[in-house]
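[1] I'll drop the sequence and a predicted model, then ask my questions.
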2 protein chains.
Amino acid sequence: MALHILPMPINAGKKFRHGQILNVVANEPVASQDELRRRLAQRKLRVTQATLSRDLQELKLVKTPEGYKQAAALAEESAPLPPLSHALREFLVDIRPAENLLVLKTPPGGAQALAAAVDSAKFPEVAGTIAGDDTVLIITAKRKTRESLQKKIEAQMTK
Amino acid sequence: MALHILPMPINAGKKFRHGQILNVVANEPVASQDELRRRLAQRKLRVTQATLSRDLQELKLVKTPEGYKQAAALAEESAPLPPLSHALREFLVDIRPAENLLVLKTPPGGAQALAAAVDSAKFPEVAGTIAGDDTVLIITAKRKTRESLQKKIEAQMTK
DNA sequence: CGGGAGACCGTATAAATATGCATGGCTTTG
DNA sequence: CAAAGCCATGCATATTTATACGGTCTCCCG
């Protein structure tokens, strides 16, 4: 019969503790590292808050208003979501077409953010953007091009 | 031209600020609320860390080692418990078959967690489980049944 | 053996985050 | 218009989290 002669440290082992942490956190909301420490103590595991701080990072658990949660899935995203659509609703106050130019007005200070969002959307129509404080100037090749872009932007606003 | 003299001199509006926060956070890693405060200041937005603490919660942004991230996506998950596969790798030390019984050995204190994971997997072969401190006893109907279950579990370990 | 490297962890403390309380502006009522 | 209710904040401070440092243990290697 297979004997698993594992180099099991005298100590319960970090691996084991990590498993317990995941287990605790999955079952009940844990609001702080100190609370987690107490729950682990109930399970016969005595560690300090400092250790838990390190463990939580290794396990990629993040603190949320509803307790610690797995962050793995979250790690890479976040960029894709708040793009143009949100920025438009947040900042766009007015649209003014002018031949091959499109002028977007925003509340004071909003231009930079809106321009960044427009850029990141990578519309083929956009030749370039310039942002002041409350105004974004979008430059397109021709009047037709501008009309196309304007439609797209206005469409974003409604949906 | 639009003159914003009185409308909102000191207060640019929470909505607007929220937009700025999302924008900042989406573009570059922000390690602390104080850093965020400084970045907003560059954008002409002056608020205190206290306000940002509240904002971040409202925006469902959580702190990760790589900066603040959108938590919305993360919120609902973590429900699908740490599946069997993980629990096995975390806790399983040895498997011992015995006729229609399967004995799983874990590090001290790991049995409860492992048993819970096995239960949640809802294997049809499992008639019931009993967990001690470092031992899980799984009961199946017959020897054949146990063999089937054992294969499944061992398969989980390799992949 | 005698280091030396590295992992792990506790202690103490620094850093960061959350929050109780008070203020000022707005809106709603009477 | 005054009074009352709400919000959004700032300030000061409590609470929570991260980390610098040092000690212990284990495994190697000469």
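    Yes, it's here. Numbering: from 1, shown residues only, chains lettered A, B, ... in the order given.
[2] and residue A:136, backbone torsions?
    Here is the backbone geometry of residue A:136 (degrees, to the nearest 10): phi -120, psi 130.
[3] What residues are bridge-paired with it?
    Beta-bridge partners for residue A:136, by DSSP bridges, are residue A:104, residue A:131.
[4] which regions of chain A sit below the pLDDT cut-off?
    Applying pLDDT under 70 to chain A picks out residues A:1-12, A:71-84, A:86, A:89-90, A:107-110, A:132-134, A:157-159.
[5] any chance you could map the helices in it?
    Secondary structure of chain A (DSSP state H): helices located at A:14-27, A:33-42, A:49-58, A:72-75, A:84-91, A:111-121, A:143-158.
[6] mind putting those in CSV, mean neighbour count and distance to residue B:124 included?
    No exception for glycine: its C-beta is placed from N, CA and C like everyone else's. Output for the helices of chain A, formatted as CSV (neighbours: other CB atoms under 10 Å in any protein chain shown; distance: least, CB to CB, whole Å):
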stretch, mean neighbour count, distance to residue B:124
helix A:14-27, 20, 24
helix A:33-42, 16, 33
helix A:49-58, 14, 36
helix A:72-75, 16, 29
helix A:84-91, 20, 47
helix A:111-121, 21, 50
helix A:143-158, 14, 50
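[7] got TSV for those, with distance to residue B:47 too?
    Below are these laid out as TSV (distance: least, CB to CB, whole Å):
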stretch	distance to residue B:47
helix A:14-27	32
helix A:33-42	28
helix A:49-58	28
helix A:72-75	25
helix A:84-91	17
helix A:111-121	16
helix A:143-158	28
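[8] could the ones you listed be laid out in CSV, adding distance to DNA strand D?
    Formatted as CSV, the helices of chain A follow (distance: least, CB to the nearest atom of the strand, whole Å):
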stretch, distance to DNA strand D
helix A:14-27, 12
helix A:33-42, 3
helix A:49-58, 3
helix A:72-75, 15
helix A:84-91, 14
helix A:111-121, 17
helix A:143-158, 23
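[9] Indicate which one of the ones you listed is closest to residue B:100.
    helix A:14-27 (27.9 Å; CB to CB).
[10] Got the domain ranges for chain A?
    A:14-74, A:84-158 (automatic domain parsing).
[11] nearest to residue B:24, of the helices of chain A?
    helix A:111-121 (8.3 Å).
[12] Packing partners of that closest one?
    The contact analysis (3 or more CB pairs under 8 Å, 6 or more residues apart in numbering or on different chains; DSSP states H and E) places helix A:111-121 against helix A:84-91, strand A:101-105, strand A:126-131, strand A:135-140, helix B:14-27.
[13] can you tell if the last one touches DNA strand C?
    No: applying CB under 7 Å from any atom of the strand, one finds that helix B:14-27 is not in contact with DNA strand C, the shortest distance being 11.5 Å.
[14] That helix versus helix A:111-121: what angle between them?
    Put simply, helix B:14-27 runs at 50 degrees to helix A:111-121, going by axes from the mean of the first three to the mean of the last three CA atoms, to 10 degrees.
[15] Now do helix B:14-27: distance to the chain's middle.
    25 Å (CA atoms, centre = their mean, to the nearest Å).
[16] could you dump it to CSV, C-alpha only?
    Taking Å, rounded to 0.1, in the frame of the first residue of the first chain, the C-alpha atoms of helix B:14-27 are listed here in CSV:
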residue,chain,number,x,y,z
LYS,B,14,-20.5,63.4,-6.5
LYS,B,15,-21.6,61.8,-9.8
PHE,B,16,-18.9,63.7,-11.7
ARG,B,17,-16.3,62.7,-9.1
HIS,B,18,-17.3,59.1,-9.4
GLY,B,19,-16.8,59.2,-13.1
GLN,B,20,-13.3,60.7,-12.6
ILE,B,21,-12.5,58.0,-10.1
LEU,B,22,-13.5,55.2,-12.4
ASN,B,23,-11.4,56.8,-15.1
VAL,B,24,-8.3,57.2,-13.0
VAL,B,25,-8.5,53.8,-11.6
ALA,B,26,-9.1,52.2,-15.0
ASN,B,27,-6.0,53.8,-16.5
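[17] Show me what it is packed against.
    Using 3+ CB pairs under 8 Å, 6+ apart: helix B:14-27 touches helix A:84-91, helix A:111-121, helix B:33-42, helix B:49-58, strand B:67-70.
[18] Same list (the ones you listed) but as a markdown table, adding distance to residue A:29.
    Output for the helices and strands packed on helix B:14-27, formatted as a markdown table (distance: least, CB to CB, whole Å):
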| stretch | distance to residue A:29 |
| --- | --- |
| helix A:84-91 | 29 |
| helix A:111-121 | 34 |
| helix B:33-42 | 23 |
| helix B:49-58 | 15 |
| strand B:67-70 | 20 |
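[19] possible to save those as CSV with distance to DNA strand C?
    Formatted as CSV, the helices and strands packed on helix B:14-27 follow (distance: least, CB to the nearest atom of the strand, whole Å):
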stretch, distance to DNA strand C
helix A:84-91, 20
helix A:111-121, 22
helix B:33-42, 3
helix B:49-58, 3
strand B:67-70, 8
